[in-house]
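>>> below is the structure, and that's it, no one-letter string:
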């Protein structure tokens with residue numbers, strides 16, 4: 001296994017732990033308060049803080065997942081390292097694009 005990718009995947013995992021905790025806590029808080037999707041959107045629209053929070057989250061997830069997919073492909077498929085890396089990079093780019101689209105739709109005015 002590539003040591004550099006191993007370190008990157010572990011670093012993004014360590015970064016995602018507090019992000020997931022905050023994300024889940026916010027969801028629990030919102031649902032316990034009986035907030036609707038419209039209420040939540042009203043609070044998050046135009047917030048640079050939430051855009052930054054979820055921007056970091058999306059980047060970490062895209063990197064982490066792409067490395068994981070690459071590892072699975074190299075271990076369980078006939079793809080070689082280079083082909084698996086290309087496929088995983090495309091997958092990570094797709095996740096990044098979809099995550100950025102969600103941030104723009106939810107946070108930005």
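Yep, it's here. Keep in mind that this is a model prediction, so the values were computed, not measured.
>>> looking at the protein, which helix or strand is least sure?
Least confident helix or strand, the chain: helix 37-44 with a mean of 87, by mean pLDDT, DSSP states H and E.
>>> following that one, which helix or strand shows up next?
helix 48-76 (DSSP states H and E).
>>> what's the mean pLDDT across the helix or strand just after that next one?
The helix or strand immediately downstream of helix 48-76 is helix 81-106, counting by DSSP H and E. Taken as a whole, helix 81-106 has a mean pLDDT of 95.
>>> same thing with stretch 14-27?
96.
>>> go ahead and name everything in contact with it.
Stretch 14-27 is contacted from outside by 53, 56-57, 60-61, 64, using C-beta atoms under 8 Å, 6 or more residues apart in numbering. C-betas here are computed from N, CA, C, even on glycine.
>>> list the buried residues in it.
15-16, 19 (16 or more other C-beta atoms under 10 Å).
>>> cool, and stretch 2-17?
So stretch 2-17, judged by 16+ other C-beta under 10 Å, has buried residues 5, 9, 12, 15-16.
>>> same check on stretch 98-109?
Buried positions in stretch 98-109, judged by neighbour count with 16+ other C-beta under 10 Å: 99, 103, 106-107.
>>> mind pulling up the pLDDT for the residue lying farthest from the centre of the chain?
Within the chain, residue 78 marks the point farthest from the mean C-alpha position, 27.4 Å out by C-alpha atoms, centre = their mean. Predicted confidence (pLDDT) for residue 78: 93.
>>> all set now, cheers.
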